[in-house]
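Asks: below: sequence and its predicted model.
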Amino acid sequence: MLLAIDCGNTNTVFAIWDGSEFLCTLRTSTHHARTADAYFTWFSTLVKHYEIELDITDVIISSTVPRVVFNLRVFADRFFGCRPIVVGKPECALPRQPRVDEGTQVGPDRLVNAAGAYDLYGGNLIVVDFGTATTFDVVAGDGAYVGGVISPGVNLSLEALHMAAAALPHIDVTKPQKVIGTNTVDCMQSGVFWGYVGLVNGVCDRIRAEYETPMKIIGTGGLAPLFAQGDLLFDEIREDLTMHGLTVIHAHNKKG
């Protein structure tokens, strides 16, 4: 039984994989000061709700927040008696090495997305991930991560808009009924929704033109299904792509 942990800037996701399916997926806010004991108290309490008989033998971690990795390592060692695999560390082997500028450190989440997407859909892909940042990851024909694009995330943009313009309220992200808003909230929702639809379309068109190869576009992240309503943005949507990628990398390391 594998525990896959994806720690992002905003949320940390724990998923239990039994070798054929995810038994449950749990989400908490990311906080660098959370101790190993606090992780276990939260984790074990929620797992009881799913009536899962825990027998965790392996743990794999992907974290874009380096400060949380130590406590997650202690969590795995203290409560499951195992040394976790940490994506991006020298001891973690990748199915394909990234082809980027020498000295560049690629975010672990992007490497995991590339591995998961290639396993599911083959090569020549653009993976669009709606997280704290909205990222575009290019996966070559052989499965290697070869670069991409980073832009501000949807919620980050909304927060910046609210902070910079005090008269503008906090809003929920939703698809507006029409482009032209007739009140402040409608105007903001239209700007965010259609603005990001345009961003995804425009960036993917330019990547395809530069790459000069037909490419599939894969959407992931919690907001991917929402933005898929705006246009034919994605060929496929896979909300658990990062978690799937962690199982792929774990299996690769176990074979090695």
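Replies: Everything's here; your move.
Asks: report the mean confidence score over the host helix or strand of Val112.
Replies: Assigned by DSSP states H and E, Val112 belongs to helix 108-121. With pLDDT averaged residue by residue, helix 108-121 scores 96.
Asks: report the distance from that helix to the chain centre.
Replies: How far helix 108-121 lies from its chain's middle: 10 Å, per C-alpha atoms, centre = their mean, to the nearest Å.
Asks: what's the answer for stretch 196-208, then?
Replies: Relative to the mean C-alpha coordinate of its chain, stretch 196-208 is positioned 19 Å out (C-alpha atoms, centre = their mean).
Asks: same check, this time on stretch 6-19
Replies: Centre-to-centre, stretch 6-19 and its host chain are 9 Å apart (C-alpha atoms, centre = their mean).
Asks: quick one, phi psi at Trp17?
Replies: Note on Trp17: backbone dihedrals following degrees, to the nearest 10 are phi -110, psi 130.
Asks: cool, Ile61 as well?
Replies: Backbone dihedrals for Ile61, given as degrees, to the nearest 10, come out at phi -130, psi 130.
Asks: let me know the outermost residue of this protein.
Replies: Thr182 (34.7 Å; C-alpha atoms, centre = their mean).
Asks: and the contacts of the helix holding Val112?
Replies: Here helix 108-121 makes contact (C-beta atoms under 8 Å, 6 or more residues apart in numbering) with 6, 8, 62-64, 86-88, 94-96, 98, 125, 127, 129, 131, 135, 137, 139, 143-145, 148, 216, 218, 220, 236, 238, 241-249, 252. For glycine as for every other residue, the C-beta is placed from the backbone atoms N, C-alpha and C.
Asks: go again using 7 Å as the cut-off
Replies: By C-beta atoms under 7 Å, 6 or more residues apart in numbering, the list of residues contacting helix 108-121 from outside reads 6, 8, 62-64, 87-88, 94-95, 98, 125, 127, 129, 135, 137, 139, 143, 145, 148, 216, 218, 220, 236, 238, 241-242, 244-246, 248-249.
Asks: doesn't the residue farthest from the centre of the chain belong to a helix?
Replies: No - going by DSSP: H, G, I helix; E, B strand; the rest coil, the assignment for Thr182 is coil, not a helix.
Asks: what pLDDT does it get?
Replies: Model confidence at Thr182, given as pLDDT, is 93.
Asks: how near is it to Gln189?
Replies: 12 Å (C-beta to C-beta, to the nearest Å).
Asks: and for Ala33?
Replies: Remark: distance between Ala33 and Gln189 (C-beta to C-beta) = 35 Å.
Asks: for Glu102, same thing?
Replies: Distance check for Glu102 against Gln189: by C-beta to C-beta, it reads 43 Å.
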